[in-house]
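**Q** Next input, structure requested:
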Amino acid sequence: MRSKFVAAAVLTSLLSLAILASCSTEGDILYKQRLAWKDPYNVLQSWDPTLPNPCTWFHVTCNMNNSVIRVDLGNAQISGPLLPDLGGLVNLQYLELYGNSLFGPIPAILGNLTNLISLDLWENLLTGPIPTSLGTISSLRFLRLYQNNLTGSIPPSLGNLTSLQELKLQKNAFNGSIPSSLGNLKTLRFLKLNENMLTGTVPLEVLSLAIVGNLTELNIARNNLDGTVRSSELRVTAIIQDELKTT
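**A** Got it, this is the predicted structure:
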């Protein structure tokens, strides 16, 4: 009986150590990110590595196991790069960094955040392509990267995000065609691709989301797309496009 009690105590201690180690790792990741950012208004002042774990910091939310599930720093006036280390926050569900002056690329390792529900990086100064690895986050419902300086083509891998409700990529510098794989996103309600440099035509697979999916707004205006969209009896509230050019 005593041996069972000792074994249980040892197991409990090991689990506690594992949780503490996880907290320490997540705290180290966030503190390293803090050091990489400029924070003129000291909104990150509470991100103190001497505190027990990051769950006591402002703008950070943890679950019952003291693991970070939210980082909320929208409109915080911070600037600097996104560190690849953020991919180590494996339980993260919400990364809200919109309305700042973040620059540089979106780290491909963010594809490791397999519990992510919302990735909000809109209205920053981010550059480079959308990592194809983001297409592996099957839990993602909101991907909002609009009003940055992102370039390259829209990855076909985003068509794997079958839980996605909003895909907002407008006001960047994306080129190439609209991937037909986006037609897989039957849960998508808003697809905003306006004000880019997209070419070709809108795939029928994407247009079909108005019939077989939940799409209520498709905005493709101010691109270099051919032709126009003609539709009838669609459940789309608005298909926003450029006027048909005549010669």
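**Q** who's in contact with the residue most central in space within the chain?
**A** What sits nearest the mean C-alpha location of the chain, by C-alpha atoms, centre = their mean, is L119, with 2.3 Å. By C-beta atoms under 8 Å, 6 or more residues apart in numbering, the contact list for L119 reads 95, 110, 134, 137, 140, 142-145. For every residue, glycine as well, the C-beta is placed using N, CA and C.
**Q** For these, give me a markdown table that also has pLDDT and secondary structure.
**A** Compiled in a markdown table, those are given as follows (pLDDT from 0 to 100; DSSP: H, G, I helix; E, B strand; the rest coil):
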| residue | pLDDT | secondary structure |
| --- | --- | --- |
| L95 | 98 | strand |
| L110 | 97 | helix |
| L134 | 98 | helix |
| I137 | 98 | coil |
| L140 | 98 | coil |
| F142 | 98 | strand |
| L143 | 98 | strand |
| R144 | 98 | strand |
| L145 | 98 | coil |
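**Q** Can you classify the residue nearest to the centre of the chain by secondary structure?
**A** strand (DSSP: H, G, I helix; E, B strand; the rest coil).
**Q** Bridged to it, which residues?
**A** For L119, the beta-bridge partners are L95, L143 (DSSP bridges).
**Q** Next one: it relative to F174, how far apart?
**A** As judged by C-beta to C-beta, to the nearest Å, L119 and F174 stand 17 Å apart.
**Q** same thing with A76?
**A** Distance from A76 to F174, by C-beta to C-beta: 26 Å.
**Q** and I69, what are its phi and psi?
**A** Per-residue torsions, I69: phi -120, psi -10 (degrees, to the nearest 10).
**Q** Check which residues of stretch 41-49 are buried.
**A** 43-44, 47 (16 or more other C-beta atoms under 10 Å).
**Q** would you list those in a markdown table and tack on distance to N194 and pLDDT?
**A** As requested, the buried residues of stretch 41-49 are exported to a markdown table (distance: C-beta to C-beta, whole Å; pLDDT from 0 to 100):
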| residue | distance to N194 | pLDDT |
| --- | --- | --- |
| V43 | 32 | 97 |
| L44 | 34 | 97 |
| W47 | 37 | 96 |
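**Q** Out of those residues, which is nearest to T216?
**A** Here the nearest of the buried residues of stretch 41-49 to T216, counting by C-beta to C-beta, is V43; it sits at 35.0 Å.
**Q** if we can go back for a sec, nearest to T61, out of the contacts of L119: which one, please.
**A** Nearest member of these to T61, counting by C-beta to C-beta, is L95, at 11.6 Å.
**Q** what's around the closest one, how many residues?
**A** 21 (other C-beta atoms under 10 Å).
**Q** Next: the one 4 residues further on.
**A** Here the count is done by other C-beta under 10 Å, and G99 has 18 residues near it.
**Q** if I pick it, what's in contact with it?
**A** 74-76, 122-124.
**Q** 10 Å instead, please
**A** Each residue near G99 by C-beta atoms under 10 Å, 6 or more residues apart in numbering is listed here: 73-78, 120-124, 147.
**Q** what's it sitting at in phi/psi?
**A** The phi/psi pair for G99 (degrees, to the nearest 10) is phi 70, psi 40.
**Q** Equivalent analysis for T127, please.
**A** As for T127, its main-chain torsions (degrees, to the nearest 10) stand at phi -130, psi 170.
**Q** cool, and P129?
**A** P129 adopts backbone torsions of phi -90, psi 170, taken as degrees, to the nearest 10.
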